[in-house]
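Enquirer: could you work out the structure for the sequence below:
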Amino acid sequence: MTNPVSTSPPDAGDLWVFGYGSLMWRPGFDFEEQVQARLIGAHRALCVYSFDHRGTPERPGLVLGLDRGGACRGIAFRVAASRRDETIAYLRAREQTTNVYHEVTRSVWLKDDPRRQVTALTYIVNRGHVQYAGRLGLQDQLRYVRQGHGRSGNNRDYVLSTVTAIEAQGFRDAPLHRLAAALHAAPPD
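Expert: Residues are numbered from 1 along each chain as shown. Next comes the predicted model:
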């Protein structure tokens, strides 16, 4: 399967948005439907130092990004065409505060019909950005998540809320679940 990439959302019609982290549990925009979806060619990873939403430059947190390789299960949200521009503006204000993500459109396959493919707006990590953390071990992840607190709250709640949203969709994300278990075992700071 190929996964075409473009750098801007289609100009007309309903907008699909692929959520793989906090968008799954707090989309923040109006949508017509949500469907479990799978994106191929990138995987969910705690690979972004958060200097804003879940940390500061002095005490960074750690948030999710789509990093190259593998596949990612998440949620595709269909937004009415009449709300397209306001939704894109909202997502840019939320996701692009430090430009650590590339805004792209990617093909996603919807769970309700595996042959049903849509083009969805999503955010892929920019590996060349100073906030790109790469692959960190569990102890490093735990340290950043425990210290992280930004304008959207503490990093621990972000990780645990994402794990809860993943479980509500009926699947698991092994690395996030290991981190969640470690967070439950360690008292909050």
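
Enquirer: just how off-centre is the top helix by length along the chain within its chain?
Expert: When the chain is scanned for its longest helix (criterion: DSSP state H), the result is helix 155-168. Computed by Cα atoms, centre = their mean, to the nearest Å, the chain-centroid distance of helix 155-168 equals 11 Å.

Enquirer: pull out the buried positions in it.
Expert: 155-156, 158-163, 165-166 (16 or more other Cβ atoms under 10 Å). C-beta: built from backbone N, CA, C; applies to glycine.

Enquirer: which strands or helices does that helix pack on?
Expert: helix 22-25, strand 61-79, helix 138-147, helix 174-185 (3 or more Cβ pairs under 8 Å, 6 or more residues apart in numbering; DSSP states H and E).

Enquirer: closest to residue 109 out of those?
Expert: strand 61-79 (9.0 Å; Cβ to Cβ).

Enquirer: any buried residues in stretch 126-135, and which?
Expert: Within stretch 126-135, the residues scored as buried using 16+ other Cβ under 10 Å are 126, 131, 133.

Enquirer: wait, the second one sits on residue 52?
Expert: No - counting by Cβ atoms under 8 Å, residue 131 does not reach residue 52; the two are 9.4 Å apart.

Enquirer: what touches both of these two?
Expert: residue 98 (Cβ atoms under 8 Å, 6 or more residues apart in numbering).

Enquirer: low pLDDT regions in this protein?
Expert: By pLDDT under 70, the low-scoring segments of the chain are 1-11, 187-189.

Enquirer: let's see 80
Expert: Scanning the chain for pLDDT under 80 picks out 1-12, 112-115, 186-189.

Enquirer: quick one on the thing from earlier: what's in contact with the longest helix of the chain?
Expert: If you take Cβ under 8 Å, 6+ apart as the criterion, helix 155-168 is touched by 21-22, 24-26, 46, 50, 53-55, 61-64, 73, 144-149, 152, 172-173, 176-177, 179-180, 183, 188.
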